[in-house]
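Peer 1: here are the coordinates; sequence isn't available:
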């Protein structure tokens with residue numbers, strides 16, 4: 001039988017959010033049924049956020065959340081939603097009061113030819129859902145992710161070298177935002193060039209963001225970690241951050257997937273996350289614009305590679321294998337082994353509070369519903 005090590009990363013609060021069973025509880029039947037009644041107290045007030053968590057408490061409590069509790073986290077909170085995870089749409093409505101912005105993963109920007117751009121994916125735009133989210137929070141911003149998709153290297157070179165191309169691109173985004181009623185965009189393009197043409201990318205992004213700002217639209221940029229898992233500088237550094245910070249409203253920092261492939265390990269070790277922030281913003285001037293990435297999925301490491309584990313499957317594994325959850329003090333994450341994870345790491349939220357950053361959640365609906373008590 002193969003032993004698979006599952007690491008519960010710093011993303012959703014389920015692994016931390018479990019209390020130690022009393023001796024009396026331990027004598028009860030091993031059968032654990034989920035409680036579905038609303039919780040008057042948050043997971044913190046119920047004493048569920050502990051390092052010595054127990055599988056039975058997670059199974060019992062994961063459906064008991066406190067949607068009525070007001071947002072306690074002071075920074076920006078960006079939540080991603082994807083069309084392939086319908087529960088994320090429900091989460092955005094249920095906990096909309098705790099989100100400052102929602103980024104549906106709907107859109108792609110394509111270059112059709114010289115000075116010709118087209119935004120695709122608009123068929124996924126659901127005005128009824130957007131209206132429901134805004135009903136839960138009048139101030140929430142809808143900023144769809146815009147992926148620069150299908151671009152050749154020559155497409156990038158042509159656009160980066162031409163002010164006319166850049167002007168046309170920004171104008172297309174303004175038109176789409178106005179027509180669709182969006183509050184801005186979350187741009188994903190930096191990693192596509194593998195760290196090359198940084199100066200030119202900074203110019204392009206500044207132009208796009210400044211154009212959006214003329215119509216009071218938000219501009220968020222997805223950025224890779226400032227430090228790689230091997231300790232080397234990443235593709236986006238302090239110089240680019242300081243140049244873009246005055247124009248960009250938020251930097252969605254991908255501080256997760258530290259361990260990948262066949263190498264088992266933590267997803268978002270706390271010292272690494274801290275280093276990623278401090279490398280970009282050693283002073284606090286622009287730090288509030290950094291949105292620490294918290295992944296709401298776990299990782300299952302097996303012989304054939306790494307597999308993401310979402311909340312439903314996580315609960316199934318706990319019920320079936322009843323594993324002992326172990327605490328890694330260094331990374332501030334839980335993990336366990338089983339034969340043949342998933343958790344929000346409150347320590348990452350505490351780190352965001354300490355450093356004065358915001359957070360970005362990839363993605364809403366992947367983890368367990370009581371994670372949002374921590375926001």
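Peer 2: Thanks, I have the structure now. Remember, it's a predicted structure, so these values are computed and weren't measured experimentally.
Peer 1: if you go through the stretch 101-250 of the chain in chain order, where are the helices?
Peer 2: 127-136, 153-160, 163-180, 198-213, 238-244 (DSSP state H, counting those that start in this stretch).
Peer 1: who does the last one touch, helix- and strand-wise?
Peer 2: With contacts defined as 3 or more Cβ pairs under 8 Å, 6 or more residues apart in numbering; DSSP states H and E, helix 238-244 has these neighbours: helix 198-213, helix 270-280. From N, CA and C alone the C-beta is placed, and that goes for glycine too.
Peer 1: where does this protein dip in pLDDT?
Peer 2: The chain contains residues with pLDDT under 70 at 1-38, 261-263, 302-305, 339-346.
Peer 1: Ok, which of the helices of the stretch 101-250 of the chain comes nearest residue 146?
Peer 2: Checking the helices of the stretch 101-250 of the chain against residue 146 by Cβ to Cβ gives helix 163-180 as the closest, at 7.4 Å.
Peer 1: How about the closest one, which residues are buried there?
Peer 2: 165-166, 168-170, 172-173, 176-177, 180 (16 or more other Cβ atoms under 10 Å).
Peer 1: now swap in stretch 259-268 and tell me
Peer 2: Result for stretch 259-268 [16+ other Cβ under 10 Å]: buried residues 259, 264-268.
Peer 1: Deepest-packed of the helices and strands packed on helix 238-244, please.
Peer 2: helix 270-280 (a mean of 20; mean count of other Cβ atoms under 10 Å).
Peer 1: Show me what whatever helix or strand comes next after it is in contact with.
Peer 2: Sequence order places strand 290-295 as the next helix or strand after helix 270-280, per DSSP states H and E. With contact meaning Cβ atoms under 8 Å, 6 or more residues apart in numbering, strand 290-295 is reached by 9-12, 75-76, 78, 220, 250-257, 267-268, 273, 277, 280-281, 344-345, 348-349, 351-352, 355, 357-362, 366.
Peer 1: just to revisit the earlier point, how about JSON lines for the helices and strands packed on helix 238-244, with distance to residue 145 added?
Peer 2: As requested, the helices and strands packed on helix 238-244 are exported to JSON lines (distance: least, Cβ to Cβ, whole Å):
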{"stretch": "helix 198-213", "distance to residue 145": "14"}
{"stretch": "helix 270-280", "distance to residue 145": "21"}
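Peer 1: what about residue 135, neighbour count?
Peer 2: 11 (other Cβ atoms under 10 Å).
Peer 1: Run through the residues that contact it.
Peer 2: residue 96.
Peer 1: ok, and the closest non-adjacent residue to residue 80?
Peer 2: residue 363 (4.2 Å; Cβ to Cβ, 6 or more residues apart in numbering).
Peer 1: Am I right that that neighbour is in contact with residue 308?
Peer 2: No. If you go by Cβ atoms under 8 Å, residue 363 and residue 308 don't touch, sitting 10.9 Å apart.
Peer 1: More neighbours: which of the two?
Peer 2: residue 363 (24 against 13).
Peer 1: show me the contacts for the more buried one.
Peer 2: 79-82, 85, 88, 105, 296.
Peer 1: I appreciate the help and will end here.
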